[in-house]
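>>> Quick one, structure for this:
(one chain, ligands or ions: 2)
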Amino acid sequence: MIKFEHVSVQYKNADGRYALNDVSMEIKDGEFVFLTGPSGAGKSTIMKLLLREETPKTGTILVDDYDLNSLKTRKIPFYRRNLGIVFQDYKLFEKSTVYENVAFAMRAVGAPSKIIRKRVEGILDILDIKDKYNKFPHQLSGGERQRVAVARAVVNNPSIIIADEATSNLDIKLRNEIMQILTGFNNSGKTVIVITHDLSIVEKFNKRVITLNKGELVSDTKNGGVANE
Ligand SMILES: Nc1ncnc2c1ncn2[C@@H]1O[C@H](COP(=O)(O)OP(=O)(O)OP(=O)(O)O)[C@@H](O)[C@H]1O
Ligand SMILES: [Mg+2]
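Ligands and ions are numbered 1, 2, ... in the order given. You can find the predicted model right below:
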């Protein structure tokens, strides 16, 4: 469960402007949600809050049993294991192979090497890039790079997957492919949040849509398309 209660965010040096203004929402376990809105609406800020890279100026954020305001710094790495993030620019390590890029995420949480090997091979297989395990990112196509980013996000079996504009640079075929992969994870019970400003993809899938504009939650299809007060 993800719960935002009256969350406001003001970045330093933001001239008093709020990146998020009194946002409240609840996303239940196993939901698939599009988070949309124009550039600067506050979408990535929500991701940064969930990652606990930022903290709100006011308001409360609950994720499962964690209250992110009172989460101790030393517990942040443990908390983050619940999250799988696909970044817009993928953030792949250019000097590491596909295998190493994905295995890294498991080493970072101290998984034993035998388990890492099995799991990384399994996930590369599911995402249909197993034959590229020895290649470096610059030797891959855009769609393949993206699948490596997805593999890395999900390899530790997180309960929440967040894709921030992960489909934005892709052509329609690849976009549908990644959406299918994310839908598949959702079908296996994971919470999936897809952040995008691309309304064509939102319209294509009949899912809950939360829309932000200038830091405000302006509609949530769960509530009949109107902002929740
Ligand atoms: N580190 C920061 N410092 C100051 N202001 C910031 C910072 N990060 C974001 N902002 C501002 O906060 C607002 C929300 O930004 P955010 O990145 O959440 O938007 P977004 O909806 O993800 O936009 P985009 O679609 O362009 O990715 C914007 O006005 C942005 O300029
Ligand atoms: Mg963004």
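
>>> check contacts around the nearest residue to Leu174 once chain neighbours are set aside.
Using CB to CB, 6 or more residues apart in numbering and skipping residues adjacent in sequence, the residue nearest Leu174 is Gly143, 4.1 Å away. Placement of C-beta: from N, CA and C, glycine included. With contact taken as CB atoms under 8 Å, 6 or more residues apart in numbering, Gly143 is in contact with 170, 174, 177-178.

>>> 10 Å instead?
Counting by CB atoms under 10 Å, 6 or more residues apart in numbering, Gly143 touches 129, 170-171, 173-175, 177-178.

>>> Can you tell me how far it is from Lys95?
From Gly143 across to Lys95, the span is 21 Å (CB to CB, to the nearest Å).

>>> which residues are contacting the strand or helix carrying Phe4?
According to DSSP states H and E, Phe4 maps onto strand 2-9. Identification of contacts with strand 2-9 by CB under 10 Å, 6+ apart yields 18-29, 31, 33, 42, 45-46, 48-50, 54-64, 67-69, 160, 162, 191, 193, 215, 217.

>>> Check which residues of that strand are buried.
Within strand 2-9, the residues scored as buried using 16 or more other CB atoms under 10 Å are 2-4, 7, 9.

>>> Convert that strand to CSV, retaining C-alpha atoms only.
What follows is strand 2-9, C-alpha atoms only, in CSV (Å, rounded to 0.1, in the frame of the first residue of the first chain):
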residue,chain,number,x,y,z
ILE,A,2,1.2,3.5,-0.9
LYS,A,3,-0.5,6.4,0.9
PHE,A,4,0.1,10.1,0.4
GLU,A,5,-1.6,12.3,2.9
HIS,A,6,-1.5,16.0,2.2
VAL,A,7,2.0,15.9,0.8
SER,A,8,3.7,19.1,-0.3
VAL,A,9,7.2,19.5,-1.6
